[in-house]
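Undergrad: kindly return the folded structure for what I paste below:
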Amino acid sequence: MRAARMSVASDPTLMDAGALLTCAGLKEFFAVLHPYFNPPTWALKVRAYSCFLLLGLSKACLILAPIQVATAVDQLAYRFPWDLIVLYIALRIGSR
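TA: Predicted coordinates:
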């Protein structure tokens, strides 16, 4: 038995994937996700917003870690930068 070829025109789920690019599709997408990003109770809001905050801080640490390495390497000509190395280690741990 031959497997039928799937095309975009014959599969409605593939056609719906392109609908997210329109403004109406994005509104429907965010309407579905709204309860997950803004929960109804205060305790769940604290959990959700603290999760977003920690995720943002992790990404900031991931961006700042290479900059910190460059600063520490530049300071090696003048002194041994213990404080900059400790800060780099903290940023690497924070980015995990």
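Undergrad: since we're on residue 83, how many residues are nearby?
TA: 11 (other C-beta atoms under 10 Å). To be clear about C-beta, it is placed using only N, CA and C from the backbone, and glycine gets the same treatment.
Undergrad: let's verify it: helix, strand, or coil?
TA: helix (DSSP: H, G, I helix; E, B strand; the rest coil).
Undergrad: domains in the protein, by residue range?
TA: 1-37, 41-96 (automatic domain parsing).
Undergrad: pick the most buried one from those.
TA: Mean neighbour count (mean count of other C-beta atoms under 10 Å) peaks for domain 41-96 among those, with a mean of 12.
Undergrad: C-terminal to the helix or strand bottoming out on mean pLDDT in the chain, what's the next element?
TA: Least confident helix or strand, the chain: helix 12-17 with a mean of 52, by mean pLDDT, DSSP states H and E. Using DSSP states H and E, the helix or strand that follows helix 12-17 in sequence is helix 23-37.
Undergrad: angles on the backbone of residue 38, please.
TA: Taking degrees, to the nearest 10, you get phi -140, psi 80 for the backbone angles of residue 38.
Undergrad: for the one helix or strand residue 93 maps to, packing partners?
TA: In the assignment (DSSP H and E), residue 93 maps to helix 82-94. Contacts defined by 3 or more C-beta pairs under 8 Å, 6 or more residues apart in numbering; DSSP states H and E place helix 82-94 against helix 42-75.
Undergrad: next, the angle from the helix it packs on to helix 82-94.
TA: 140 degrees (axes from the mean of the first three to the mean of the last three C-alpha atoms, to 10 degrees).
Undergrad: and the average pLDDT for helix 42-75 is what?
TA: Helix 42-75 shows a mean pLDDT of 93.
Undergrad: how far off centre is it?
TA: Here helix 42-75 shows a centroid-to-chain-centroid distance of 11 Å under the convention C-alpha atoms, centre = their mean, to the nearest Å.
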